[in-house]
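> attaching a predicted model along with its sequence, questions to come.
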Number of protein chains: 2
Amino acid sequence: MASEFDLIDRYFKRRTPDGMLGVGDDCALFGVPAGMKVATSTDLLIEGRHFFPDVDPRALGHKSLAVNVSDLAAMGARPIGCLLGLALPQPREDWLSAFAEGFHGMADAAGCPLIGGDTTGNPGALAISVTVFGAVRAEAALRRDAARVGDDIWVSGTLGEADIAYRLMSGQMPPDDGLLACVRQALEWPQPRFALGQALAGIAHAAIDISDGLLQDLGHILKASRVGARLRMADMPVSPALAGVPAARLRHAVLAGGDAYELCFTAPGDRADAVRAAAARAGVAVTRIGSVEAGTGVTVLDAQGIPMTDLPAGFDHFRSP
Amino acid sequence: MASEFDLIDRYFKRRTPDGMLGVGDDCALFGVPAGMKVATSTDLLIEGRHFFPDVDPRALGHKSLAVNVSDLAAMGARPIGCLLGLALPQPREDWLSAFAEGFHGMADAAGCPLIGGDTTGNPGALAISVTVFGAVRAEAALRRDAARVGDDIWVSGTLGEADIAYRLMSGQMPPDDGLLACVRQALEWPQPRFALGQALAGIAHAAIDISDGLLQDLGHILKASRVGARLRMADMPVSPALAGVPAARLRHAVLAGGDAYELCFTAPGDRADAVRAAAARAGVAVTRIGSVEAGTGVTVLDAQGIPMTDLPAGFDHFRSP
């Protein structure tokens, strides 16, 4: 077996951008433009809890970084770089090569190069830690506590596909190869909305990325901002691919499905045109799904305008019993 | 069981210093003084590989951060803050409370507050990821590739105690409670040399922290700097507590013992007084153990000035067979 140092060199060491010191010293070094703050986030992904053991390693490499870049997007920050920690039960060269390819592909797309990390053996399950850095002006950062009464609530892209893919792949829905072919990409190759996040900085008030489900993640904004919300079920953006999914299952996927990595954000009603222009610049569809109200909690109105009862709870993917 | 969010709030959310945004948003935010770079490093610690399953959780919390702060020290960087990822098989409140106490204690000592993180369940072994940030002037950073022929080679503190503690606790040495009482602290409560690292920035050339053993870690400096080294065994700083350890075992612990978290650094011969003054300011003993030479590899001279043969290899703590 190749040593830790060989593996780092072979698959993860690349030329770093000018002004940075990359993989291979005690620390990586990077600069920040004057007047900007560093935005940073870390995620720990565990086999069997956050991904299936037999997942395509290219997709896993992509997603490991994508979910972190999504946190930068939710802050309105421009990606700078990332660190990767890998605890590998049994390093296989073909697996590492594919994982690195997916990871570097996402890094290149987001302008978020790998500048350092740590690899180690692991007697247990595969564990992956990723930390990302970005730059954002403090006054333009999209904070969770910045939603204001009267704001519109928006969401990017469409909701529910990743959740339906997970249900199909874990046997919680009857097999449907045609449907799975349409939705699997959303689960395994999420596209973080970093261009949209940066375009919304200075326009939107609050933002979060949807990792644990719309209601739960929006709930974090509402709690931090001490406000409530009213959503319209009929306005939720749902992919036509989900047209055949049973209504209750679909409603759950849209309102509580995890792993979406779309942005949910609030913006003043008089900035709706600016929001649409920012979304157009980023090449991402956005949909107005409700509004921020005084009070606490979320009300979801059904197609008849009646508040829905027994709303689904949040994320439960891969949760142990 | 308390939810992920409850646990974060209860044990890890604290008031963050002014100008930072801490635990509880998509990203943490921090500033960097003008003209300085961000130094960052990440480590992934796995139960059964990097620590014993029954380790005192306070010590584990301390050490999880200490080994990362040690990387900042080896770069000459001033700590800014840190992120913590915890994948917990079965969160127990008493364990978390003790772990958080040890972690925050080290954070307070180093001026490296916890500003964000991720907690998750884990069907496998406990996994801990820590990422640290510091600030350093690029031109003063202690890089691995900066050693020059003629430099003195120095080491802080003493060597070997952590390795002997590990050998005793893993049954690789006969039980000796008196000896263990003397050396256990070095393994479980390492003191990263962050004050020394900052004091050496601008004086020393290259530095590394000793996590995998002196020969292996110095080897990284030599390889990156394309130079060789000559060390004098008789000059190695060894604690009097190890006086009774058999010679071969002691030699291995000093030259190849991991988990020391002392700094090994090189500095020009005419800066020896400046090195000693910096060490005095930091309150840490430093010892000159050899010199940088042209060529490659390390020669270690024994007490008679004869090059030692069959030098021990590096780190093998907790390595799977």
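Alright, I've got the coordinates.
> every contact and neighbour count from this point should use C-alpha atoms.
OK.
> for the residue nearest in space to the middle of chain A, helix, strand, or coil?
Per C-alpha atoms, centre = their mean, the C-alpha nearest to the average position across chain A is that of A:Tyr261, at 3.2 Å. Secondary structure for A:Tyr261, judged by DSSP: H, G, I helix; E, B strand; the rest coil, is coil.
> please report the distance of the nearest residue to it once chain neighbours are set aside from chain B.
Counting by C-alpha to C-alpha, 6 or more residues apart in numbering or on different chains, A:Ile210 is the residue found nearest to A:Tyr261 once chain neighbours are left out, at 4.9 Å. Relative to chain B, A:Ile210 is positioned 10 Å away (criterion: C-alpha to the nearest C-alpha, to the nearest Å).
> ok, the residue nearest to the centre of chain A touching A:Ile208?
No - because the distance of 9.2 Å does not satisfy C-alpha atoms under 8 Å, A:Tyr261 is recorded as not touching A:Ile208.
> can you give the distance from stretch A:85-92 to the centre of its chain?
In terms of C-alpha atoms, centre = their mean, to the nearest Å, the centre of stretch A:85-92 is found 24 Å from the chain centre.
> and the next element down the chain from the helix or strand hosting A:Ala224?
Under the criterion of DSSP states H and E, A:Ala224 resides in helix A:214-225. Once the chain leaves helix A:214-225, the next helix or strand it forms, by DSSP H and E, is strand A:228-232.
> now do that following strand against helix A:214-225, angle only.
Orientation check (axes from the mean of the first three to the mean of the last three C-alpha atoms, to 10 degrees): strand A:228-232 against helix A:214-225 gives 150 degrees.
> may I have strand A:228-232 exported as CSV, CA atoms only?
C-alpha atoms of strand A:228-232 as CSV (Å, rounded to 0.1, in the frame of the first residue of the first chain):
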residue,chain,number,x,y,z
GLY,A,228,-42.8,33.8,11.1
ALA,A,229,-43.7,32.9,7.5
ARG,A,230,-46.6,32.0,5.2
LEU,A,231,-45.9,29.8,2.2
ARG,A,232,-48.2,28.8,-0.7
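> how far does stretch A:166-177 stretch from one end to the other?
With C-alpha to C-alpha, to the nearest Å as the measure, the ends of stretch A:166-177 fall 13 Å from one another.
> circling back: what's the average pLDDT for the helix holding A:Ala224?
The average of the pLDDT scores along helix A:214-225 is 94.
> so what touches it?
Contact with helix A:214-225 is made by A:144-148, A:206-211, A:228-229, A:254-258, A:264, A:296-298, A:313-315, as judged by C-alpha atoms under 8 Å, 6 or more residues apart in numbering or on different chains.
> looks to me like A:Ala278 is in a strand.
No - according to three-state DSSP, A:Ala278 belongs to no strand; its state is helix.
> three-state assignment of the residue lying closest to it once chain neighbours are set aside?
In space, not counting the residues next to it along the chain, A:Ala278 is nearest to A:Ala199; the distance is 5.2 Å by C-alpha to C-alpha, 6+ apart. Going by three-state DSSP, the secondary structure assigned to A:Ala199 is helix.
> burial of A:Gly295, as a residue count?
Applying the criterion other C-alpha atoms under 10 Å in any protein chain shown, we find 12 residues in the vicinity of A:Gly295.
> ditto for A:Ala39
Using other C-alpha under 10 Å as the criterion, the residues surrounding A:Ala39 number 29.
> what residues are bridge-paired with the residue lying closest to it once chain neighbours are set aside?
Distances taken as C-alpha to C-alpha, 6+ apart place B:Leu29 nearest to A:Ala39, at 4.5 Å, with adjacent residues excluded. For B:Leu29, the residues forming beta bridges with it (DSSP bridges) are A:Ala39, B:Leu21.
> and B:Leu29, what does it touch?
If you count contacts by C-alpha under 8 Å, 6+ apart, B:Leu29 has them with A:Lys37, A:Val38, A:Ala39, A:Thr40, A:Ala138, B:Met20, B:Leu21, B:Gly22.
> ok, and the most crowded of these?
A:Thr40 (32 neighbours).
> what about the nearest residue to A:Asp151 once chain neighbours are set aside, how many residues close to it?
Of all residues not flanking A:Asp151 in the chain, A:Pro268 sits nearest, at 4.4 Å (C-alpha to C-alpha, 6+ apart). Using other C-alpha under 10 Å as the criterion, A:Pro268 is surrounded by 19 other residues.
> A:Pro268 touches A:Gly150, doesn't it?
Yes - judged on C-alpha under 8 Å, A:Pro268 makes contact with A:Gly150 at a distance of 6.8 Å.
> give me the common contacts of the two.
Counting by C-alpha under 8 Å, 6+ apart, nothing touches both A:Pro268 and A:Gly150.
> A strand includes A:Phe208, no?
Not quite, residue A:208 is Ile, not Phe. Yes - the assignment for A:Ile208 (three-state DSSP) places it in a strand.
> can you give me the neighbour number for A:Thr309?
The tally of other residues near A:Thr309 (other C-alpha under 10 Å) stands at 10.
> need the contact list for the residue in the stretch 151-300 of chain A positioned nearest to chain B.
In the stretch 151-300 of chain A, the residue found nearest to chain B is A:Ile208; the distance is 6.5 Å by C-alpha to the nearest C-alpha. By C-alpha under 8 Å, 6+ apart, the contact list for A:Ile208 reads A:Asp71, A:Ala74, A:Met75, A:Arg144, A:Asp217, A:Leu218, A:Ile221, A:Leu263, A:Cys264, A:Phe265, B:Asp26.
> any stretches of the stretch 101-250 of chain A with poor pLDDT?
Low-confidence segments of the stretch 101-250 of chain A, defined by pLDDT under 70, are absent; every residue clears the threshold.
> could you export the helix or strand where A:Ala87 lies as PDB, CA atoms only?
Under DSSP H and E, the secondary-structure element containing A:Ala87 is strand A:78-88. Coordinates of the C-alpha atoms in strand A:78-88 are reproduced here as PDB (Å, rounded to 0.1, in the frame of the first residue of the first chain):
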ATOM      1  CA  ARG A  78     -17.100  34.100  -3.400                       C
ATOM      2  CA  PRO A  79     -15.200  30.700  -3.000                       C
ATOM      3  CA  ILE A  80     -11.400  31.000  -2.300                       C
ATOM      4  CA  GLY A  81     -10.300  27.500  -1.600                       C
ATOM      5  CA  CYS A  82     -10.900  24.300   0.500                       C
ATOM      6  CA  LEU A  83      -9.300  21.700   2.700                       C
ATOM      7  CA  LEU A  84     -10.100  17.900   2.600                       C
ATOM      8  CA  GLY A  85      -9.800  15.300   5.300                       C
ATOM      9  CA  LEU A  86     -10.100  11.700   4.300                       C
ATOM     10  CA  ALA A  87     -10.200   8.800   6.800                       C
ATOM     11  CA  LEU A  88     -10.000   5.700   4.600                       C
END
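> report all helices and strands that it contacts.
Counting contacts by 3 or more C-alpha pairs under 8 Å, 6 or more residues apart in numbering or on different chains; DSSP states H and E, the secondary-structure elements packed against strand A:78-88 are helix A:57-75, strand A:114-121, strand A:127-136, helix A:194-200, strand B:37-46.
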